[in-house]
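K.L.:
Return atomic coordinates for the entry below.
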Amino acid sequence: MPSRSSSSLSHRLGLIALALFALLAAAGCTAFARAVKEGDQFTTQHQWAQAEAAYQRALAVDPRDSEVLLKLRAMRKQWSGEVLQQARAVHEQGDLAGATPLLVRALQLDSESEPARALLTQTLDARVAVAQKALTEERLQDARAELDAVLAVDPEHAAARKGVDAVKVAWARRWFTTAQRLEEEGKLGNALLAYVRADQEKVGATPARERAEAVRRKLQDEVAFLVVAAPAEDKAEAPDVVQRLSPGRLSALLPQEVPIRVITTEAPKDHEGVRLGLALERVMPVKSVEQSQRTQKYLVTNKAVPNPRRSQLETALLEQERKLEEVERKLGGVLRDYLRKQDELVQAREVANRCRERERKACVTALAECGRAVGQGKPGQVPPECNPARCNSQCEQEEGALAQRTSAAQELERRLESAQESAELQRREVQRGRDGFYREPLTVEEPVYSEYPYDVELHRLAITASVTERLVDLAKGAVPSPRTEDYAAHHEDASNRAYDKVGVLADPVQLRSEAELRVEAGDKAMTSIAARVKERFDIYRQRRVEDARRGMVRPSAEDVVETAVRALLLTADAPPEDILLPLAKARGLENPQAIFGD
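P.N.:
Now for the predicted structure:
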């Protein structure tokens with residue numbers, strides 16, 4: 001009977017699964033057929049977008065259905081033909097820009113449509129012709145827009161690429177002409193940006209790069225910070241030091257990216273700069289020798305000393321032995337507790353066994369009495385002697401005490417095993433300590449050192465150059481206040497004789513020559529003077545930069561451009577971004593660094 005019911009249940013589940021599968025298949029087929037039917041209806045109504053969406057839904061159910069693929073392709077060809085007719089109508093009206101996207105769409109729908117391809121080629125060629133006409137009429141922006149639109153459709157269109165080059169050349173020539181006009185008007189900053197823009201439009205189409213370099217030099221000469229430096233006055237009669245204070249050395253130490261000019265002639269009137277006067281007051285060499293002593297430690301002999309390692313091992317061994325005593329003491333306490341608990345457990349087990357025996361005898365007696373009473377009684381009656389309560393358990397207290405003592409004994413047994421393991425491990429540690437202690441030798445060899453003093457000579461050579469500097473602004477013309485500073489170059493070296501017995505090597509004195517130190521002192525003086533000149537230049541160009549920043553609210557204005565370009569040339573080593581980028585954006589420069597000739 002159970003086997004028949006289980007087989008019936010299995011058969012019923014199989015039928016349900018088959019029905020669900022058939023239902024899902026029917027639902028899929030229904031969705032597929034509905035999508036194909038909608039696609040056919042939309043195609044008949046020339047609703048191409050809805051038809052394509054319906055066919056795509058059908059292909060989502062069965063992507064390999066050849067009939068739907070053929071219908072979709074045929075629908076797209078019809079759609080492409082309709083778009084082509086619209087494109088022809090727009091093309092006949094002369095709207096080439098409107099016909100181009102329609103033709104591109106027609107080819108997207110039907111890539112094999114030769115009429116659409118031919119008309120697109122004709123349209124692109126016509127747009128190139130329009131661009132060439134606009135180029136002839138100097139409408140460069142319109143020409144470039146047409147050519148860019150053609151290249152967006154066909155990046156390899158030869159006539160369009162050639163036309164773009166022609167537009168670039170025309171832009172370059174226009175910017176070059178504008179730059180020449182600005183240069184003739186004296187607006188050199190605007191002319192420089194126009195030359196740079198012409199060169200970026202088409203390199204080599206005009207001599208814009210050469211003219212930009214010439215205008216850049218003119219602007220640098222105009223804003224240059226002049227340093228009028230006369231030859232240094234040699235009061236110390238030290239030509240080698242004075243030679244390091246020459247104007248040429250000063251020019252080499254100043255930054256080369258910015259327009260700082262060191263000249264020896266008279267500066268133009270009211271030009272920014274400083275006048276520098278130098279005088280070498282004295283050059284004083286100081287040479288000294290100091291006597292001192294150093295000590296060298298050397299090995300004398302070896303001697304036997306008590307082994308310190310043995311003492312350490314002995315101390316460690318004593319600690320391990322004391323620890324072992326403590327562990328064994330704890331082990332003894334745990335063992336005593338365990339034995340006492342075992343005695344209590346034995347007593348509790350005996351009490352429980354005696355109680356169980358009494359309980360068993362009482363139950364046997366009750367069963368015997370029940371049997372006799374049943375034999376003597378009437379049928380169908382249960383005598384009082386057969387009461388089940390007479391065989392109930394009467395040793396619950398003894399059983400509980402036995403279980404409690406058993407649990408306590410087991411816990412003490414675990415503690416005893418743990419204490420025994422600890423004691424065994426500690427005995428091993430003690431044995432290892434004894435082995436290490438007895439293997440260590442009683443004495444070891446210790447080296448005996450001594451110190452040997454020897455004489456050392458410390459040689460020092462210092463050159464101090466005193467230079468007086470007069471630095472005054474050209475525009476103010478005030479009487480300069482002299483500034484005298486000492487610039488020192490020094491070197492020192494120690495020497496000693498050799499003492500081979502104690503391992504001291506000979507070290508001869510190796511001082512730098514006096515001529516080298518004199519040159520170094522002169523270089524230090526000129527480096528310090530160049531730093532102070534650079535500070536004056538920084539003050540000047542910061543003033544120019546602040547003037548340029550105030551005009552950045554309208555960076556395309558010609559007067560603002562003039563001020564900003566001059567400020568940028570003064571900050572060519574680190575041009576401020578808040579001036580360079582707005583200026584380049586206003587003039588359409590792709591590479592702002594080209595302003596500096598980079």
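K.L.:
contacts, neighbours, all on C-alpha from now
P.N.:
Noted.
K.L.:
What is the subsequent helix or strand relative to the longest helix along the chain?
P.N.:
Secondary structure assigned by DSSP state H gives helix 308-376 as the longest helix of the chain. Proceeding N to C from helix 308-376, the next assigned helix or strand is helix 396-439, under DSSP states H and E.
K.L.:
quick one: low-confidence ranges for the stretch 351-500 of the chain?
P.N.:
Within the stretch 351-500 of the chain, the stretches with pLDDT under 70 are 477-480.
K.L.:
Swap in 90 and give it another go.
P.N.:
For the stretch 351-500 of the chain, the stretches with pLDDT under 90 are 351-352, 355-402, 437, 440, 442, 444, 471-483, 500.
K.L.:
Pull out the buried residues from the helix or strand containing residue 563.
P.N.:
If you go by DSSP H and E, residue 563 is part of helix 558-570. Judged by neighbour count using 16 or more other C-alpha atoms under 10 Å, the buried positions of helix 558-570 are 560-570.
K.L.:
what about that helix, average pLDDT?
P.N.:
Mean pLDDT, helix 558-570: 92.
K.L.:
again, but for stretch 95-103
P.N.:
Regarding stretch 95-103, the rounded mean pLDDT is 81.
K.L.:
which residues sit against that stretch?
P.N.:
Among residues not part of stretch 95-103, those counted as contacts by C-alpha atoms under 8 Å, 6 or more residues apart in numbering are 83-84, 86-88, 90-91, 116-117, 119-120, 123-124, 126-127.
K.L.:
Quick check: PyMOL command selecting the buried ones in those residues.
P.N.:
A single PyMOL command selects the buried members of those (16+ other C-alpha under 10 Å):
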select buried, resi 83+84+86+87+88+90+91+116+117+119+120+123+124+127
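K.L.:
In helices, which of the contacts of stretch 95-103 appear?
P.N.:
In this view, the contacts of stretch 95-103 that belong to helices under DSSP H are 83-84, 86-88, 90-91, 116-117, 119-120, 123-124, 126-127.
K.L.:
Which one of these is nearest to residue 416?
P.N.:
residue 83 (98.9 Å; C-alpha to C-alpha).
K.L.:
Give me the phi and psi for residue 576.
P.N.:
Backbone torsions for residue 576, taken as degrees, to the nearest 10, come to phi -70, psi 130.
K.L.:
now do residue 507
P.N.:
In this entry, residue 507 is assigned phi and psi values of phi -130, psi 100 (degrees, to the nearest 10).
K.L.:
Who does it form a beta bridge with?
P.N.:
Counting by DSSP bridges, residue 507 is bridged to residue 496.
K.L.:
Just the pLDDT at it, thanks.
P.N.:
Note for residue 507: predicted pLDDT of 92.
K.L.:
what sits against it?
P.N.:
Taking C-alpha under 8 Å, 6+ apart, we find residue 507 in contact with 494-498.
K.L.:
Going by neighbour count, which residues in the helix or strand residue 107 falls within are buried?
P.N.:
Per DSSP H and E: residue 107 is located in helix 96-109. Using 16+ other C-alpha under 10 Å as the test for burial, helix 96-109 gives 96-97, 99-100, 102-107, 109.
K.L.:
ok, so of those, who is nearest residue 32?
P.N.:
Nearest to residue 32 out of the buried residues of helix 96-109 is residue 109 (C-alpha to C-alpha; 23.5 Å).
K.L.:
tell me the pLDDT at the closest one?
P.N.:
The model reports residue 109 with a pLDDT of 76.
K.L.:
my read: it touches residue 77, true?
P.N.:
Yes - taking C-alpha atoms under 8 Å as the definition, residue 109 is a contact partner of residue 77 at 6.7 Å.
K.L.:
Which strand runs longest in this protein?
P.N.:
In the chain, ranked by residue count with DSSP state E as the criterion, the top strand is strand 273-306.
K.L.:
how much space between the residue lying farthest from the centre of the chain and residue 388?
P.N.:
In the chain, residue 376 marks the outermost C-alpha relative to the chain mean, sitting 105.8 Å out by C-alpha atoms, centre = their mean. To residue 388, residue 376 is 19 Å away according to C-alpha to C-alpha, to the nearest Å.
K.L.:
rewinding a little: now tabulate the buried residues of helix 96-109 in JSON lines and tack on distance to residue 274.
P.N.:
Output for the buried residues of helix 96-109, formatted as JSON lines (distance: C-alpha to C-alpha, whole Å):
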{"residue": "96", "distance to residue 274": "67"}
{"residue": "97", "distance to residue 274": "64"}
{"residue": "99", "distance to residue 274": "70"}
{"residue": "100", "distance to residue 274": "67"}
{"residue": "102", "distance to residue 274": "71"}
{"residue": "103", "distance to residue 274": "72"}
{"residue": "104", "distance to residue 274": "70"}
{"residue": "105", "distance to residue 274": "72"}
{"residue": "106", "distance to residue 274": "75"}
{"residue": "107", "distance to residue 274": "74"}
{"residue": "109", "distance to residue 274": "77"}
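K.L.:
Please identify which of those is nearest to residue 222.
P.N.:
Residue 222 has its nearest neighbour among the buried residues of helix 96-109 in residue 97, at 51.2 Å by C-alpha to C-alpha.
K.L.:
In the stretch 151-300 of the chain, mark out all the helices, start to finish.
P.N.:
158-184, 188-201, 208-223, 239-243, 247-253 (DSSP state H, counting those that start in this stretch).
K.L.:
Surely residue 68 is in contact with residue 58?
P.N.:
Yes - here residue 68 reaches residue 58: they are 7.5 Å apart, a contact under C-alpha under 8 Å.
K.L.:
Give me the common contacts of those two.
P.N.:
Any residue near both residue 68 and residue 58 by C-alpha under 8 Å, 6+ apart counts here, and that gives residue 36.
K.L.:
Comparing those two, which residue is more hemmed in?
P.N.:
More crowded of residue 68 and residue 58, by other C-alpha atoms under 10 Å: residue 58, with 25 against 20.
K.L.:
which stretch of helix or strand covers the more buried one?
P.N.:
Going by DSSP H and E, residue 58 is in helix 48-61.
K.L.:
now that helix: mean pLDDT?
P.N.:
Taken as a whole, helix 48-61 has an average pLDDT of 78.
K.L.:
So which elements touch that helix?
P.N.:
With contacts taken as 3 or more C-alpha pairs under 8 Å, 6 or more residues apart in numbering; DSSP states H and E, helix 48-61 sits against helix 2-44, helix 66-92.
K.L.:
Who are the contact partners of residue 287?
P.N.:
So residue 287 contacts 459-462 (C-alpha under 8 Å, 6+ apart).
K.L.:
Report the beta-bridge partners for it.
P.N.:
residue 461.
K.L.:
got a pLDDT number for it?
P.N.:
Per-residue confidence (pLDDT) for residue 287: 93.
K.L.:
For it, give its distance to residue 455.
P.N.:
Separation of residue 287 from residue 455 (C-alpha to C-alpha) stands at 19 Å.
K.L.:
Then residue 377?
P.N.:
Noted for residue 377: a distance of 136 Å to residue 455, by C-alpha to C-alpha.
K.L.:
sorry, back to before: what angle separates the longest helix of the chain from helix 396-439?
P.N.:
160 degrees (axes from the mean of the first three to the mean of the last three C-alpha atoms, to 10 degrees).
K.L.:
Which strands and helices lie in contact with helix 308-376?
P.N.:
Packing partners of helix 308-376 (3+ C-alpha pairs under 8 Å, 6+ apart): helix 396-439.
K.L.:
What helices and strands are in contact with the helix it packs on?
P.N.:
Applying 3+ C-alpha pairs under 8 Å, 6+ apart, we find helix 396-439 packed against helix 308-376.
K.L.:
give me the number of residues near residue 389?
P.N.:
9.
K.L.:
any idea which helix or strand comes after the helix holding residue 563?
P.N.:
helix 577-587.
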